[in-house]
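Trainee: what's the 3D shape of this:
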Amino acid sequence: MTTRIVILAAGQGTRMRSDLPKVLQPLAGRPLLAHVLGAARELEPVGLHVVYGHGGEQVPEALAADDVDWVLQAEQLGTGHAVAQALPGIADSDTVLVLYGDVPLISATTLAGLLSTADGGGLALLTVQLDDPTGYGRIVRDGDGHVLRIVEEKDASDAERLLTEVNTGILAAPAAQLRGWLERVDRDNSQGEYYLTDVVGLAVADGVPVDARLAASAEEVLGVNTKAQLATLERHFQRQQAERLMSEGLTLADPARFDLRGQLQTGRDVFVDVGAVFEGAVSLGDGVRVGAYCVLRDTQVGAGSRIESHSVLEDAVVGTNCSIGPFARLRPQTVLGSGAKVGNFVETKKARIGDGSKVNHLSYVGDSEIGKGTNIGAGTITCNYDGHAKHLTRIGDDVFIGSDTQLVAPVSVGDGATVGAGTTVTRDVPAASLAVSRAPQKIVADWQRPGRRDTKGD
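Mentor: Numbering: from 1, shown residues only. Have a look, this model is predicted:
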């Protein structure tokens, strides 16, 4: 069996009240459609066909890929019409699986089961039982439980509206038969649209077996039409990720306050406090602790390191047994050696900080290379930008940089050197030397602050 997957992604999504097409709305940091494409690719189909419409080229531009055939549905004439737009590129011998770009949590396991049901040449439907089926097409069965048809709620009778088994819209069928059924579908309904669901009744009329397979959970097949529904699925997805990671040994202070928007790899005995957000590819070594309300994006953290609360790390590499934060910001291309410390209200960018070195507080270190065992005092700034280009600051091993120092790049400080507090360094500092640039301190006796009343003699 060769499988072709058609994903319907042309809906306007007016209830989203957004200029962004519905299928590009983000769930866990990725567009809804990207989640569906991910599940589809796990099935290794011979072709992926995405039918788009609302938003024009925004959708294919946002998710451009060599393995996707983008099909424009210029007129929005219903789901049956949408599928028909993709069929010219599909051979009669293929099996077609129809998915939806706004149903992001569908799993490849469920879809593989549906395809196996359709393998015998019949029509396979994915259905779900809902306590409140309002808004969904109902599955109508005969007295023996065989599927007869799907009726949309607007066209359903009062008795049919009481049915709780509903259509998810996801189905699989032989391409040749699906093509023939769609040619026979009409628009004689309340919406004046070509319903894909009408192929079920046509299949029954043709004597083709129709097999309805129940989804494992309602959340897996829920579509997104509003921001509230998007938020509901977001929390469900995050809870799934949290439970998976906890089963692998991660300790979460509160699984309900955890957000993963990418991939997270963790070692043994890792602890993550509330409100932490992980984006892109993040790895945490054994014994790492991540404090409350931290954001880690595309970052590696070595074993034994601590990320204190409210710290932001992006495209950084943190060595073993490091200490970061609270309120620290590690910008791209920051690399910390073993035992390094970046303290509160410190910002780094494109900086290599050696083993055991410390930038404790209130400092900016950018475009810099710092050796081992060096101490950077509070309020130190590497002045790396001259208004036109960035320049490098090199600081050697066992250097002491006093507080409120400005290092005007390009500049080097040799091993073992000391820079006095309040110094502006504009020339290289030799190893084992002292650099100081201060005006002599001046004392004015009996100084009276301007505007202050003279209290002498009172």
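Trainee: so how far is stretch 165-181 from its chain's centroid?
Mentor: Stretch 165-181 sits 32 Å away from the centroid of its parent chain (Cα atoms, centre = their mean, to the nearest Å).
Trainee: what about that stretch, average pLDDT?
Mentor: For stretch 165-181, the mean per-residue pLDDT is 94.
Trainee: Next, the distance between the ends of that stretch.
Mentor: 23 Å (Cα to Cα, to the nearest Å).
Trainee: what comes up buried for that stretch?
Mentor: 165-179, 181 (16 or more other Cβ atoms under 10 Å). To be clear about C-beta, it is placed using only N, CA and C from the backbone, and glycine gets the same treatment.
Trainee: try stretch 123-139
Mentor: Leu123, Ala124, Leu125, Leu126, Thr127, Val128, Leu130, Pro133, Tyr136, Gly137, Arg138, Ile139.
Trainee: Let me see the contact set for Ala378.
Mentor: By Cβ atoms under 8 Å, 6 or more residues apart in numbering, the contact list for Ala378 reads Asn360, His361, Leu362, Ser363, Ser403, Asp404.
Trainee: That one belongs to a helix?
Mentor: No. If the criterion is DSSP: H, G, I helix; E, B strand; the rest coil, then Ala378 is coil and not within a helix.
Trainee: would you list the contacts of Ala378 in JSON lines and tack on secondary structure?
Mentor: Below are the contacts of Ala378 laid out as JSON lines (three-state DSSP):
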{"residue": "Asn360", "secondary structure": "strand"}
{"residue": "His361", "secondary structure": "strand"}
{"residue": "Leu362", "secondary structure": "coil"}
{"residue": "Ser363", "secondary structure": "coil"}
{"residue": "Ser403", "secondary structure": "coil"}
{"residue": "Asp404", "secondary structure": "coil"}
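Trainee: Can you tell me which of these has the most neighbours?
Mentor: Ser363 (23 neighbours; other Cβ atoms under 10 Å).
Trainee: Point out where the chain drops to low pLDDT.
Mentor: For the chain, the stretches with pLDDT under 70 are 1, 54-55, 452-458.
Trainee: per the record, what domains does it have?
Mentor: 3-221, 227-435 (automatic domain parsing).
Trainee: Kindly check the end-to-end length of the last one for me.
Mentor: The reference is to domain 227-435. 59 Å.
Trainee: Check stretch 99-114 too.
Mentor: One end of stretch 99-114 to the other measures 12 Å (Cα to Cα).
Trainee: Please enumerate the strands of the stretch 351-458 of the chain.
Mentor: 358-361, 364-370, 375-376, 381-383, 393-395, 400-401, 406-408, 411-413, 418-419, 424-425, 434-435 (DSSP state E, counting those that start in this stretch).
Trainee: who's in contact with the longest helix seen in the chain?
Mentor: The longest helix of the chain (DSSP state H) is helix 227-247. Helix 227-247 is contacted from outside by 16-17, 25, 27-28, 104-105, 219, 222-224, 252, 255-256, 258-260, 264, 266, using Cβ under 8 Å, 6+ apart.
Trainee: for stretch 196-206, same thing?
Mentor: The contact list for stretch 196-206, computed with Cβ under 8 Å, 6+ apart, reads 78-80, 82-83, 98, 122-123, 125, 137, 146-150, 152, 167, 169, 171, 173, 177-178, 181-182, 184-186, 210.
Trainee: what comes up buried for it?
Mentor: Buried, per 16+ other Cβ under 10 Å, within stretch 196-206: Leu196, Thr197, Asp198, Val199, Val200, Gly201, Leu202, Ala203, Val204.
Trainee: With secondary structure and distance to Leu48 added, can I get those residues in TSV?
Mentor: Formatted as TSV, the buried residues of stretch 196-206 follow (DSSP: H, G, I helix; E, B strand; the rest coil; distance: Cβ to Cβ, whole Å):
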residue	secondary structure	distance to Leu48
Leu196	coil	18
Thr197	coil	23
Asp198	helix	25
Val199	helix	21
Val200	helix	24
Gly201	helix	28
Leu202	helix	26
Ala203	helix	24
Val204	helix	29
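Trainee: of all those, which comes closest to Gly285?
Mentor: Nearest to Gly285 among the buried residues of stretch 196-206, counting by Cβ to Cβ, is Leu196 at 49.4 Å.
Trainee: Please name the nearest non-neighbouring residue to Ala421.
Mentor: Nearest non-adjacent residue to Ala421, counting by Cβ to Cβ, 6 or more residues apart in numbering: Gly402, 3.4 Å away.
Trainee: and if you look at Gly420?
Mentor: Val436 (3.9 Å).
Trainee: Near that neighbour, how many other residues are there?
Mentor: 12.
Trainee: heads up, I number from 266, so please use that
Mentor: Let's use 266 as the start, then, which means that last one is Val701.
Trainee: ok, which stretches of the stretch 366-515 of the chain are helices?
Mentor: Secondary structure of the stretch 366-515 of the chain by DSSP state H, counting those that start in this stretch: the helices cover 373-383, 423-426, 440-449, 463-470, 483-486, 492-512.
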